[in-house]
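1. coords below, sequence missing:
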């Protein structure tokens, strides 16, 4: 139960002192994702693949197009980080199959609850706890949709004396963010109260993905909400029952995320070619979502309104279209990808 996690973290802090925001986030999300399926109307949030099959289909076609123009290597591995319920993978694999691509399927997932949901949709998948055990002898077709936002982030807080790690303390029966001791930080002086977020875990994973792509061939598609350029501000948020909640209450009972710093991801991707980031709305339009929506609506007139509403939710600037960004990595020997005008 989340209350058990609250008690454990409170006891840890009382014994050893305040913990980092990154540790708080890691502990909370490990418990959260390890104990439930958080997706869908009955859960806490909905992701793009759950909104419409069009999202996964266009991801699959993007990968199949690249694979074909790279010479259609006989063996390839579809690798998805944080595959949710397996919905995106099922839709993408169906589209890839129509294009002649039948890759091995590898999921990087640690949640028992989500692994069970994924197994129901993609029974032939192979599961991994992290990317280190993904095959090393074939091109990789990597997808990470709303994966990086849930990785633990450090928060650095500026004061008149310099920079401090923002920590989490336990005071008067609740968790509160506090300024820790001053630390050396490669950051310019800033106005007191300024917060800078970094995600060493995200940087490490992108470095590993880039290394693998450079050595093995292939491409990666990263889709998440965040900012194109590194900036300042506290973006830590909690989501519960499709609404925002207090991130400092009931850790492990709600999803904790931060906005993804796409500039930091680009800098971490050494030795590979990059495309983007562009917005999700622009990428989906470039990939032909308008045509696909019209075809689906024509085939199922009774669902036409629902199909068009789902399409708008994915591409509209005031919904997911602008906040969500799309970044592509590829081996330098692979062709330029579609979708990035």
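-> Received it, and whenever you're ready, just let me know what you need. Being a predicted model, the structure only gives us computed values, none of them experimental. Residues are numbered from 1 along each chain as shown.

2. what strand or helix carries residue 266?
-> helix 262-268 (DSSP states H and E).

3. give me the buried stretch members for that helix, please.
-> Buried residues in helix 262-268, counted by 16 or more other CB atoms under 10 Å: 262, 264, 265, 266, 268. Using the backbone N, CA and C atoms, a C-beta is placed for each residue, glycine as well.

4. let me see the contact set for the last one.
-> It stands for residue 268. 202, 203, 204, 206, 207, 210 (CB atoms under 8 Å, 6 or more residues apart in numbering).

5. now with 10 Å, please.
-> Counting by CB atoms under 10 Å, 6 or more residues apart in numbering, residue 268 touches 199-200, 202-210, 261, 329.

6. for those, give me TSV that also has neighbour count and pLDDT.
-> Shown next, in TSV, are the contacts of residue 268 (neighbours: other CB atoms under 10 Å; pLDDT from 0 to 100):
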residue	neighbour count	pLDDT
199	23	97
200	14	96
202	24	98
203	18	98
204	13	98
205	21	98
206	25	98
207	16	98
208	15	98
209	25	98
210	21	98
261	25	98
329	28	98
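
7. of all the residues you listed, which comes closest to residue 101?
-> Comparing the contacts of residue 268 against residue 101 with CB to CB places residue 329 closest, at 18.8 Å.

8. the nearest residue to the closest one once chain neighbours are set aside bridge partners, please.
-> Distances taken as CB to CB, 6 or more residues apart in numbering place residue 220 nearest to residue 329, at 4.3 Å, with adjacent residues excluded. Taking DSSP bridges, one finds residue 142, residue 329 as the beta-bridge partners of residue 220.

9. quick check, pLDDT for the residue nearest to residue 288 when sequence neighbours are not counted.
-> Nearest in space to residue 288, with sequence neighbours left out and distances taken as CB to CB, 6+ apart, is residue 58 at 7.0 Å. For residue 58, the pLDDT comes out at 98.

10. go on, the one 10 residues further on?
-> pLDDT for residue 68: 98.

11. what kind of secondary structure is it in?
-> Residue 68 falls in the helix class when you classify it by DSSP: H, G, I helix; E, B strand; the rest coil.

12. doesn't residue 335 make contact with it?
-> Yes - here residue 68 reaches residue 335: they are 9.4 Å apart, a contact under CB atoms under 10 Å.

13. comparing these two, which residue is more hemmed in?
-> residue 335 (16 against 13; other CB atoms under 10 Å).

14. ok, the more buried one touching residue 218?
-> No - if you go by CB under 10 Å, residue 335 and residue 218 don't touch, sitting 11.9 Å apart.

15. which neighbours do these two have in common?
-> Among the neighbours of residue 335, those also in contact with residue 218 (CB under 10 Å, 6+ apart) are 66, 67, 70.

16. out of those, who's nearest residue 341?
-> Nearest to residue 341 out of the shared contacts of residue 335 and residue 218 is residue 66 (CB to CB; 16.1 Å).

17. thinking again about what came up before, please flag which of the contacts of residue 268 sit within strands.
-> Residues of these located in strands (DSSP state E): 261, 329.

18. okay, the contacts of residue 268 in JSON lines with distance to residue 164 next?
-> Formatted as JSON lines, those follow (distance: CB to CB, whole Å):
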{"residue": "199", "distance to residue 164": "18"}
{"residue": "200", "distance to residue 164": "17"}
{"residue": "202", "distance to residue 164": "22"}
{"residue": "203", "distance to residue 164": "21"}
{"residue": "204", "distance to residue 164": "23"}
{"residue": "205", "distance to residue 164": "26"}
{"residue": "206", "distance to residue 164": "27"}
{"residue": "207", "distance to residue 164": "27"}
{"residue": "208", "distance to residue 164": "30"}
{"residue": "209", "distance to residue 164": "32"}
{"residue": "210", "distance to residue 164": "32"}
{"residue": "261", "distance to residue 164": "20"}
{"residue": "329", "distance to residue 164": "34"}
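
19. phi first, then psi, for residue 250.
-> Recorded main-chain torsions at residue 250 are phi 50, psi 60, according to degrees, to the nearest 10.

20. please apply the same query to the one 3 residues further on.
-> According to degrees, to the nearest 10, the main-chain angles of residue 253 amount to phi -100, psi -10.

21. I'd assumed residue 35 was in contact with it.
-> Yes - assessed by CB under 10 Å, residue 253 is found in contact with residue 35 at 9.5 Å.

22. so what's the closest residue to residue 156 other than its chain neighbours up against?
-> Leaving out its chain neighbours, the residue that sits closest to residue 156 by CB to CB, 6+ apart is residue 196, at 4.6 Å. Counting by CB under 10 Å, 6+ apart, residue 196 touches 154-158, 163, 166, 185, 187, 190, 230-234, 261.

23. and the contacts of residue 268, which two are the farthest apart?
-> Among those, 200 and 329 lie farthest apart (CB to CB), at 18.7 Å.

24. which residue ranges of the stretch 51-200 of the chain form strands?
-> With strands called from DSSP state E, counting those that start in this stretch, the stretch 51-200 of the chain shows them at 77-81, 104-108, 126-128, 140-145, 154-159, 162-171, 174-183, 195-198.
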